[in-house]
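Participant: I'd like to go over a predicted model; first the sequence, then the structure.
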Amino acid sequence: MPRLTVHLTVPPGTPSGQAFLTGDHRGWSSTPTGWTFTPAGTLHADFPEGQLLNLKVRLQRPDGTVTEEGDPWGQRAPAHRAVLRGDTTLTLKVAGWQTARLGRSRPSRCAPPREELTLPAPWGSQPVRLWWPDGHDRQTLPLLILHDGQNVFDDGPTFAGESWDAAGAAQAMTDAGLPLRVAALPVNHERSRRYVPFPFEMNAFSSGADEYADWLRQTLLPHLHASYGHVPAARTALAGSSFGGLITAYAGLRDPGTYGTLGVFSPAVWPAGHQFLRWLDGRADPGARVWIDMGDHEGSSLAQAQDLITLARALTGRLRPHVREAKFTTGEGHWHDEPAWRARLPLFLNWWLTGLN
């Protein structure tokens, strides 16, 4: 079994305590036992060949509290990555620790939305983040609606400092003569409830996906049409990743004729024993184009990543007779994260916009 050797480097001013390793291989446990670094900052662990690891360093202080590594501004940082192909050595450089550092916001590398508004929703209210290109009449532009809107524009509000850079991708399409406008919908801790259309553990066996899909069709679209100009369904796309990909496929196929294009990035179809795959029986939208993709480093191992690609490819083939067009793409070297979806977004946009009637 391959051995992973980890060398840890921490920044000056690191609090006293015991550093330890956690990750998806441990269910992100905050218990140090068995995973502590030596005083010299070294750790050894054995993993199966082909294991895909998402790793973070945490620190247990003398009083028992646990602090996770962060970025230089004391905010959440992306996970470290490792692929076990034989014995592997990995150096983890901790940039900072998640602490309250007032006045030190993470700078953004990506453009923010141009406008933000709030609409009433059954769950209280729903922020909507809007972007459009300069010099274009918004009333004539195709409309892209994105889930997980907290992650699609500027990096600052994102989960781990990485975004889709939707404005950058949309501006590049505009510069190429294919302008569009974007409406992004942030979600909070109720993400599993709002995006997963079947009861399972993570939504406390209470799905709110139908409520969300109804709101998209009955509140969001009418508001956008009234305020910014009507966009026909054929020129409207709905897109998202992971659970956002799941709700995209569900809402689109549940309400055929509402969206002309569905962007289903890295769909997480596993909840409730893959209930979505059974729900698909008899569903169709003859006017819709569907994009499905998957990275080749998603899952817990290279073998599982290939299984996910096979599943997504089969889903594409299953939909093909029931929609106008279904396209499948594999992201080479792509994990299940915002950088991967940022890399594939321009490909999707080009496919969508060049295929419009």
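Facilitator: Okay, I see it.
Participant: excluding its backbone neighbours, what's nearest the residue nearest in space to the middle of the chain?
Facilitator: Against the mean C-alpha coordinate of the chain, by CA atoms, centre = their mean, the closest residue is Ser241 at 4.7 Å. Distance criterion CB to CB, 6 or more residues apart in numbering; nearest residue to Ser241, sequence neighbours excluded, is Phe265 at 3.8 Å. The way it works is simple: take the backbone N, C-alpha and C, and place the C-beta from them, glycine included.
Participant: just Gly317 next, same as before
Facilitator: Closest to Gly317 by CB to CB, 6+ apart is Ala326, at 7.6 Å.
Participant: Could you say which helix or strand holds that neighbour?
Facilitator: Following DSSP states H and E, one finds Ala326 within strand 323-331.
Participant: May I have that strand exported as PDB, CA atoms only?
Facilitator: C-alpha atoms of strand 323-331 as PDB (Å, rounded to 0.1, in the frame of the first residue of the first chain):
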ATOM      1  CA  VAL A 323     -34.400  16.200 -25.400                       C
ATOM      2  CA  ARG A 324     -33.300  18.300 -28.400                       C
ATOM      3  CA  GLU A 325     -29.600  17.800 -27.800                       C
ATOM      4  CA  ALA A 326     -27.500  16.200 -25.000                       C
ATOM      5  CA  LYS A 327     -23.800  16.700 -24.800                       C
ATOM      6  CA  PHE A 328     -21.300  15.100 -22.400                       C
ATOM      7  CA  THR A 329     -17.800  16.500 -21.600                       C
ATOM      8  CA  THR A 330     -15.100  15.200 -19.300                       C
ATOM      9  CA  GLY A 331     -12.800  17.700 -17.400                       C
END
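Participant: List the buried residues for the next helix or strand after that strand?
Facilitator: Under the assignment DSSP H and E, the closest C-terminal helix or strand after strand 323-331 is helix 338-354. Residues 338, 340-346, 348-349, 351-353 are the ones in helix 338-354 that count as buried (16 or more other CB atoms under 10 Å).
Participant: ok, now stretch 194-208?
Facilitator: Buried residues in stretch 194-208, counted by 16+ other CB under 10 Å: 194-198, 200, 203, 207-208.
Participant: How about the strand holding Ala326, which residues are buried there?
Facilitator: When neighbours are counted by 16+ other CB under 10 Å, the buried residues of strand 323-331 are found to be 323, 326-329, 331.
Participant: Would you map the helices across the stretch 201-350 of the chain?
Facilitator: For the stretch 201-350 of the chain, applying DSSP state H, counting those that start in this stretch gives helices covering 209-215, 221-228, 243-254, 271-279, 302-319, 338-354.
Participant: Could you dump those helices into CSV with mean pLDDT added?
Facilitator: Formatted as CSV, the helices of the stretch 201-350 of the chain follow (pLDDT from 0 to 100):
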stretch, mean pLDDT
helix 209-215, 98
helix 221-228, 95
helix 243-254, 98
helix 271-279, 98
helix 302-319, 98
helix 338-354, 98
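Participant: Which one, of those, ends up nearest to Thr99?
Facilitator: Thr99 lies closest, by CB to CB, to one member of the helices of the stretch 201-350 of the chain: helix 338-354, at 23.4 Å.
Participant: CA-only coordinates of that closest one, as PDB, when you get a sec.
Facilitator: These are the backbone C-alpha positions of helix 338-354, laid out as PDB (Å, rounded to 0.1, in the frame of the first residue of the first chain):
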ATOM      1  CA  GLU A 338     -15.000  25.900  -8.200                       C
ATOM      2  CA  PRO A 339     -11.700  26.000 -10.200                       C
ATOM      3  CA  ALA A 340     -12.900  23.100 -12.300                       C
ATOM      4  CA  TRP A 341     -16.300  24.600 -12.900                       C
ATOM      5  CA  ARG A 342     -14.600  27.900 -13.700                       C
ATOM      6  CA  ALA A 343     -12.500  26.100 -16.300                       C
ATOM      7  CA  ARG A 344     -15.500  24.500 -18.000                       C
ATOM      8  CA  LEU A 345     -17.900  27.400 -17.800                       C
ATOM      9  CA  PRO A 346     -16.500  29.100 -21.000                       C
ATOM     10  CA  LEU A 347     -16.900  25.800 -22.900                       C
ATOM     11  CA  PHE A 348     -20.500  25.600 -21.800                       C
ATOM     12  CA  LEU A 349     -21.200  29.200 -22.700                       C
ATOM     13  CA  ASN A 350     -19.800  28.800 -26.100                       C
ATOM     14  CA  TRP A 351     -21.800  25.600 -26.800                       C
ATOM     15  CA  TRP A 352     -25.000  27.300 -25.500                       C
ATOM     16  CA  LEU A 353     -24.700  30.600 -27.300                       C
ATOM     17  CA  THR A 354     -23.400  29.300 -30.600                       C
END
